[in-house]
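Please find the sequence and the predicted model below.
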Amino acid sequence: MKWTLSQLQKYRNKEFMIDEIVRVDEIKQDDPTIREVSPMHITGRGDIDSTKVTFHLKIEGYLILPCSRTLVDVKLPINVETTETFLLQGSVYEAEEEAYQVKGEVIDVMPILREILLLEIPMQVFCEDVNREDAAPQSGKDWEVVHEEGQSKKIDPRLAGLAKFFDENNSSSES
């Protein structure tokens, strides 16, 4: 997704539609945990004027990442909308918007797409189906994976007497 400034200037004050499928396999070099990258479908439009080029893009596809608990493959859908602005030579930067200064005669959106995809990867990814054959075991000898929902209702038996203490203390102070 590269365009020269002369190519883009042909669309000045006209509609510049973008509908491309791009491969972003280089992202695996940036983050080795990414196991597979689907072809990304990039749609949107470009607004071109004399001082800047603004791309309004929608990125769709998926990444295959390892589950943080079981290490099985998890499909992470990507559906991101972004607006990226490139300032042309001699343009003044506006403080409230993030923009990239164009160096040379070519605008290359691929490094920005890679950055956006890397930012979309969550800290932890979990597999929905823990009963898969290739998933890590959920229990073993003298241990099991405990889910938070079941534990929140239980009271530690060592602290049960403490709850009675406060009940007796409140009833005696109210009298």
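In hand now; what should we look at? Numbering: from 1, shown residues only.

Arg12: neighbour count?
For Arg12, the tally of surrounding residues (other CB atoms under 10 Å) stands at 12. Bear in mind the C-beta positions are built from the backbone N, C-alpha and C, glycine included.

and what of Ile48?
Neighbours of Ile48 under the rule other CB under 10 Å: 24.

Please apply the same query to Phe165.
Residues contacting Phe165 under the criterion other CB under 10 Å number 9.

Which stretches in the protein count as helices?
Using DSSP state H, the helices of the chain run over residues 5-9, 27-30, 110-120, 148-151, 160-174.

Output the ones you listed in TSV; the columns should cover mean pLDDT and distance to Glu84.
Shown next, in TSV, are the helices of the chain (pLDDT from 0 to 100; distance: least, CB to CB, whole Å):
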stretch	mean pLDDT	distance to Glu84
helix 5-9	79	13
helix 27-30	85	17
helix 110-120	89	6
helix 148-151	63	40
helix 160-174	67	57
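
Mind checking the ones you listed for the one nearest to Gly44?
Taking CB to CB, helix 110-120 is the member of the helices of the chain nearest to Gly44, at 11.5 Å.

just checking, what packs against that closest one?
helix 27-30, strand 40-48, strand 52-66, strand 73-87 (3 or more CB pairs under 8 Å, 6 or more residues apart in numbering; DSSP states H and E).

just to revisit the earlier point, can you tell which of the helices of the chain is closest to Glu20?
Closest to Glu20 of these, according to CB to CB: helix 110-120, at 10.6 Å.

picking that back up, could you dump the helices and strands packed on helix 110-120 into CSV and include distance to Ile107?
Shown next, in CSV, are these (distance: least, CB to CB, whole Å):
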stretch, distance to Ile107
helix 27-30, 20
strand 40-48, 9
strand 52-66, 6
strand 73-87, 5
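
weakest of the ones you listed in terms of mean pLDDT?
When the helices and strands packed on helix 110-120 are ranked by mean pLDDT, helix 27-30 comes last with a mean of 85.

Many thanks, I have nothing further to ask.
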